[in-house]
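Colleague: the amino acid sequence is not available; the structure is as follows:
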């Protein structure tokens, strides 16, 4: 069943990736004040729409987390879209992120009902509150070029899912995300592709950190 599920997720990923690529090329998410620094088309969107959800499905099902995998796969496609937008205009739209909070709450509640694991649901709720509070404080104290409110909201969403696997996954995922973001920022500064005052896209590193935490099991 796991193998057939991976094939199904990969096939759906091909279709979703095609639609995502077309939507991103249209650029309807842009605002007049957005500073566009990258081309509208991203070659990595289609393969990422296939590979990332398939990897998450494989790992979660391997650990008897099929109900959670059903939630993570469509979320992974949304994360691909958010990553592409963040890389393009350095912004994570509220129109995509905020509706995910109630949708994810309903989805994780359904997972808890199927698995009869109310503790995981409570852990997710606590993780969201803790991450949003800490992230909000960091946003108030950190330079605006480092951490944006969109990044804080994204971290809350990722924490809700990672908490289903345990507090260690929450810590690992967020730590890996910020670490990757630091490495990317340092590389851009060294190569002079960005300055100290430039706003860097932190969303994609946060998402990659979350994926690493899921794959870590």
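Modeller: Now that the structure is in, tell me what you want to look at. In this text the structure is predicted, and so the values were computed from the model without any measurement.
Colleague: residue 5 touches residue 57, doesn't it?
Modeller: Yes: the pair residue 5 / residue 57 is scored as a contact, 5.8 Å apart, by CB atoms under 8 Å. Any C-beta I mention is one placed from the backbone N, CA and C, and that applies to glycine too.
Colleague: ok, those two, which is more surrounded?
Modeller: residue 57 (24 against 17; other CB atoms under 10 Å).
Colleague: what comes up buried for the lowest-mean-pLDDT helix or strand in the chain?
Modeller: Ranking every helix and strand in the chain by mean pLDDT, DSSP states H and E puts helix 167-190 at the bottom, with a mean of 87. Buried residues in helix 167-190, defined by neighbour count with 16 or more other CB atoms under 10 Å: 169, 170, 172, 173, 174, 176, 177, 178, 180, 181, 184, 185.
Colleague: could you list the low-pLDDT ranges of the chain?
Modeller: 1-2, 33-41, 142-146, 188, 191-199 (pLDDT under 70).
Colleague: quick check: next helix or strand after the least confident helix or strand of the chain?
Modeller: helix 203-216 (DSSP states H and E).
Colleague: what about that next one, distance to the chain center?
Modeller: 7 Å (CA atoms, centre = their mean, to the nearest Å).
Colleague: and if you look at stretch 141-160?
Modeller: The answer for stretch 141-160 is 12 Å, by CA atoms, centre = their mean.
Colleague: ok, now stretch 159-175?
Modeller: With CA atoms, centre = their mean, you get 12 Å for stretch 159-175.
Colleague: tell me which residues of stretch 101-110 come out buried.
Modeller: Buried, per 16+ other CB under 10 Å, within stretch 101-110: 104, 107, 108.
Colleague: and the helices in this structure?
Modeller: 2-26, 45-62, 66-89, 94-97, 100-115, 118-141, 149-162, 167-190, 203-216 (DSSP state H).
Colleague: can I get those in CSV including distance to residue 32?
Modeller: Shown next, in CSV, are the helices of the chain (distance: least, CB to CB, whole Å):
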stretch, distance to residue 32
helix 2-26, 16
helix 45-62, 24
helix 66-89, 11
helix 94-97, 16
helix 100-115, 25
helix 118-141, 25
helix 149-162, 18
helix 167-190, 26
helix 203-216, 21
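Colleague: looking at those, which is buried most?
Modeller: Most buried of these by mean neighbour count (mean count of other CB atoms under 10 Å) is helix 149-162; its value is a mean of 24.
Colleague: for that one, packing partners?
Modeller: helix 66-89, helix 94-97, helix 100-115, helix 118-141, helix 167-190, helix 203-216 (3 or more CB pairs under 8 Å, 6 or more residues apart in numbering; DSSP states H and E).
Colleague: what does the fourth one contact?
Modeller: The reference is to helix 118-141. 101, 108-109, 111-112, 147-149, 151-153, 155-157, 159-164, 166-167, 170, 174 (CB atoms under 8 Å, 6 or more residues apart in numbering).
Colleague: hmm, try it at 7 Å
Modeller: If you take CB atoms under 7 Å, 6 or more residues apart in numbering as the criterion, helix 118-141 is touched by 108-109, 112, 147, 149, 152, 155-156, 159-160, 163-164, 170.
Colleague: noted, bye for now.
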